[in-house]
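Undergrad: my questions are about this predicted structure, shown below with the sequence.
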There are 2 protein chains.
Amino acid sequence: MARPWSVEAYVKRERIRVIHYGIGAIGAEVVRQALNRPDIEIVGAIDTHPAKAGKDLGAAAAVGRPLGISVSYDAESVLRDTYADVVVHATGSSLTAVYPQLLQIVSAEKSVISSCEELAFPWARYPEIAQRLDSRAREAGVCVLGTGINPGFVMDTLPLVLATACQQIKSIRVTRIVDVATRRLQLQAKVGLGLSPQAFQQRAADGIVGHVGLRESLAMIADSLDWRLDAIDETIQPVLARERLKTEYTLVEKGYVAGIRQTASGRLAGREVVRLDLEMSLGAKGPHDEIIIDGVPAINVTIPGGIQGDQATAAIMVNCLPAVARGRATGLLSMRDMPFLPYLKPQPQPRGTDARRELVE
Amino acid sequence: MARPWSVEAYVKRERIRVIHYGIGAIGAEVVRQALNRPDIEIVGAIDTHPAKAGKDLGAAAAVGRPLGISVSYDAESVLRDTYADVVVHATGSSLTAVYPQLLQIVSAEKSVISSCEELAFPWARYPEIAQRLDSRAREAGVCVLGTGINPGFVMDTLPLVLATACQQIKSIRVTRIVDVATRRLQLQAKVGLGLSPQAFQQRAADGIVGHVGLRESLAMIADSLDWRLDAIDETIQPVLARERLKTEYTLVEKGYVAGIRQTASGRLAGREVVRLDLEMSLGAKGPHDEIIIDGVPAINVTIPGGIQGDQATAAIMVNCLPAVARGRATGLLSMRDMPFLPYLKPQPQPRGTDARRELVE
């Protein structure tokens, strides 16, 4: 199509320079999506796993062609020696585990977008880490954002965006039901597929199985709506197979674990004001996302099939790159600090279509 | 409930001072909602209509009690003599008609949130007015925002927020079906209820009946996704009554107009990439909002019943007050310049829960 001016030529002049830290399932998907974006330039890659380190990023991320960028196990050197704007970080769910990596990135004066679930809204569970990350990032003049589809979007940001159309909100309830049949091995392991009920309880108690992030989503909702909760309750239960089930990766005998059912509930003055229900199981009936806001007006939103997790997590990370790389905010951020459309190139002064106009003139 | 600190005491110290300009159905609803908000103080009211001017705002806005604020017909004096942060403006749909009022507000160095539909994204249809409003607002150090449920949220901002979870968006389709049976007289008149098909066509051609805003929503979507459309097509058709219909306000004979069906369609390289369908009619079957994003991942969102228009428009205006009053942006804005959660009090530096922390310490 003939265009009066070229977006590509424009954005290439100031592409966002990105280092990929962690080339697992999420990290690789971000790499593949970033390659389709003319405004993003991949300038480095880090992964300590022997299956990734030393390889060309194209091979490590299953791009289908070499990218001429070697995946290094040496984060310190890559971060120090590479000129970059943002690090896309996807190495783990636990904030205490990835905290040293995040500090390393920030110390190298790079901003970071991370898929670490506990980083999505860390102020409630890890106030000290949050405070240290925030001050270190401010000192370095960079910012730190944890995001993804869940936590980061469907069970927190999206209900809070919908709340813009409400007053007098009495309660928010979000349900997400995922059929893990078609999902990757890692997710199937996370929900304890094939375990005995006893093994599941043990691993749930040890935090090895189960989704991480409900508590973060709940904290983000409550804090944003100024609800200082009296109590937060969380539950985790196995979904047991009613018949023998088979996936590409696993065989689940009848009576064994076919998935998880988790809830988080927040009460204010004895009344449940936030409730999050998550089911991730093999052959889950009617997978969907649902948001119910009891307010004026009431808003009920249904997303049949639900938003596909891995693709969406990678898309959100890529789409937040412009706001994180070009925005003025420094310190520890959450999705609620993003603009409505984080994928728009922020202007020094937010303004309609001025960027376009300047290009045309 | 016992709180360790008082939100109310805190926000009262720096309440947002608001003048209400236009006390019609929307304006009055905003007044009623604003009265429930401890962070908002109403400091003035303007309406030129003889039924409103001179009355106490409490009576004019059907609050049920006097507010001690007189509704003045003299906008110039109120704007000049009242110390205020933001003017809530709700006087009309046509930008050319309300433009002098907006200039008057901006000249008085007040920011403005307006329900004027053509102001929701004015750059496409009125580039000159947009440019002038923008430069005048910047000179005055204030900002101008047009918003509401439609345009402003359900057919533009919300699909664009959902697009954060997608890459490779091929098309966006939004449908909104409203049953006007329970809606106010003004809206029923806007859709031509009770007209003959001939009278409808005449009034549609004159722009007297029909929803205003589809073109603005379409322009906001296309511009945000960098789609420079080849062509935009709009249609408007009457929905004819299949039987005699009766509302609180109107009687519609069989074969006469029971509502409207409007579409806006945007094509890129010959392919339809944005389509907006709006039906507002008496007894419309299955009222709902629906957003379909053909992308990776695909996202289909359904809002059964649809988001109630007037309540939501007022809520969005009230909820955007903190971002407009306390944000750093000046000039002409649209909803896409708002933060994800415009109702949060913006910080000098966006940051997690620091505001809270400062209060507690």
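TA: Cool, the structure landed.
Undergrad: looks like A:Val324 contacts A:Gly146 (just checking).
TA: No. Using C-beta atoms under 8 Å, A:Val324 is not in contact with A:Gly146, being 11.2 Å away. C-beta: built from backbone N, CA, C; applies to glycine.
Undergrad: anything in contact with each of the two?
TA: Both A:Val324 and A:Gly146 are in contact with A:Ile113, where contact means C-beta atoms under 8 Å, 6 or more residues apart in numbering or on different chains.
Undergrad: can you classify A:Arg336 by secondary structure?
TA: Secondary structure for A:Arg336, judged by DSSP: H, G, I helix; E, B strand; the rest coil, is helix.
Undergrad: the nearest residue to it once chain neighbours are set aside: what secondary structure?
TA: Spatial nearest neighbour of A:Arg336, excluding adjacent residues (C-beta to C-beta, 6 or more residues apart in numbering or on different chains): B:Leu341 at 4.7 Å. Going by three-state DSSP, the secondary structure assigned to B:Leu341 is coil.
Undergrad: quickly note the distance from B:Leu341 to A:Met338.
TA: From B:Leu341 across to A:Met338, the span is 9 Å (C-beta to C-beta, to the nearest Å).
Undergrad: ok, the residue nearest to A:Pro304 when sequence neighbours are not counted - how many residues close by?
TA: Closest residue to A:Pro304 apart from its sequence neighbours, by C-beta to C-beta, 6+ apart: A:His288 at 5.3 Å. Per other C-beta atoms under 10 Å in any protein chain shown, the neighbour tally for A:His288 reads 18.
Undergrad: can you check A:Ala60 too?
TA: Neighbours of A:Ala60 under the rule other C-beta under 10 Å: 25.
Undergrad: next one: A:Asp294
TA: Neighbours of A:Asp294 (other C-beta under 10 Å): 15.
Undergrad: identify the residues contacting it.
TA: Applying C-beta under 8 Å, 6+ apart to A:Asp294 gives the contacts A:169-173.
Undergrad: any chance of those in TSV, plus pLDDT and distance to chain B?
TA: Shown next, in TSV, are the contacts of A:Asp294 (pLDDT from 0 to 100; distance: C-beta to the nearest C-beta, whole Å):
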residue	pLDDT	distance to chain B
A:Ile169	94	10
A:Lys170	96	13
A:Ser171	97	15
A:Ile172	98	13
A:Arg173	98	15
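Undergrad: just the terminal-to-terminal distance for stretch A:136-155.
TA: 29 Å (C-alpha to C-alpha, to the nearest Å).
Undergrad: just how off-centre is that stretch within its chain?
TA: 9 Å (C-alpha atoms, centre = their mean, to the nearest Å).
Undergrad: can you map out the strands along the stretch 51-200 of chain A?
TA: Per DSSP state E, counting those that start in this stretch, the stretch 51-200 of chain A carries strands over the ranges A:71-72, A:86-89, A:111-114, A:143-146, A:167-179.
Undergrad: including distance to B:Gly92 and mean neighbour count, could the ones you listed go into TSV?
TA: Shown next, in TSV, are the strands of the stretch 51-200 of chain A (distance: least, C-beta to C-beta, whole Å; neighbours: other C-beta atoms under 10 Å in any protein chain shown):
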stretch	distance to B:Gly92	mean neighbour count
strand A:71-72	60	24
strand A:86-89	44	28
strand A:111-114	43	27
strand A:143-146	41	28
strand A:167-179	24	20
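Undergrad: re the thing from before, pLDDT score for the residue nearest to A:Arg336?
TA: Looking at B:Leu341, its pLDDT reads 84.
Undergrad: burial check on it, number of neighbours?
TA: Neighbourhood size, B:Leu341 [other C-beta under 10 Å]: 24.
Undergrad: show the backbone phi and psi for it.
TA: Its backbone dihedrals place B:Leu341 at phi -120, psi 80, with angles given as degrees, to the nearest 10.
Undergrad: mind listing what the residue in the stretch 101-250 of chain A that chain B sits nearest to touches?
TA: Nearest residue of the stretch 101-250 of chain A to chain B (C-beta to the nearest C-beta) works out as A:Ala165 at 4.1 Å. By C-beta under 8 Å, 6+ apart, the contact set of A:Ala165 is A:297, A:299, B:149, B:153-154, B:307, B:312, B:315-316, B:319.
Undergrad: what is the burial count for the residue nearest to it when sequence neighbours are not counted?
TA: Nearest residue to A:Ala165, sequence neighbours excluded (C-beta to C-beta, 6+ apart): B:Ala312, at 4.1 Å. Residues within reach of B:Ala312, counting by other C-beta under 10 Å, total 28.
Undergrad: got the contact list for B:Ala312?
TA: Counting by C-beta under 8 Å, 6+ apart, B:Ala312 touches A:165-166, A:297, B:148-149, B:153-154.
Undergrad: then A:Ala75?
TA: Counting by C-beta under 8 Å, 6+ apart, A:Ala75 touches A:21, A:46, A:48, A:101, A:104.
Undergrad: and A:Phe121, by the same measure?
TA: By C-beta under 8 Å, 6+ apart, A:Phe121 lies in contact with A:146, A:151, A:156, A:216-217, A:219-220, A:223, A:334, B:352.
Undergrad: hang on, the earlier thing: of the contacts of A:Asp294, which is the nearest to A:Lys254?
TA: A:Arg173 (32.0 Å; C-beta to C-beta).
Undergrad: contact partners for that closest one?
TA: With contact taken as C-beta under 8 Å, 6+ apart, A:Arg173 is in contact with A:274-277, A:290-292, A:294.
Undergrad: ditto for A:Leu162
TA: A:Leu162 touches A:291, A:293, A:299, A:301, B:158, counting by C-beta under 8 Å, 6+ apart.
Undergrad: who wins on neighbours among those residues?
TA: B:Leu158 (27 neighbours).
Undergrad: so that one touches A:Thr164, yeah?
TA: No. The pair B:Leu158 / A:Thr164 is not scored as a contact, 9.2 Å apart, by C-beta under 8 Å.
Undergrad: before we move on, back to that, tell me which of the strands of the stretch 51-200 of chain A sits nearest to A:Arg203.
TA: A:Arg203 lies closest to strand A:167-179 among these, at 19.1 Å (C-beta to C-beta).
Undergrad: pLDDT score assigned to the closest residue to A:Asp289 other than its chain neighbours?
TA: What sits nearest to A:Asp289 in space, not counting adjacent residues and going by C-beta to C-beta, 6+ apart, is A:Ile303, at 4.1 Å. You'll see A:Ile303 listed with a pLDDT of 98.
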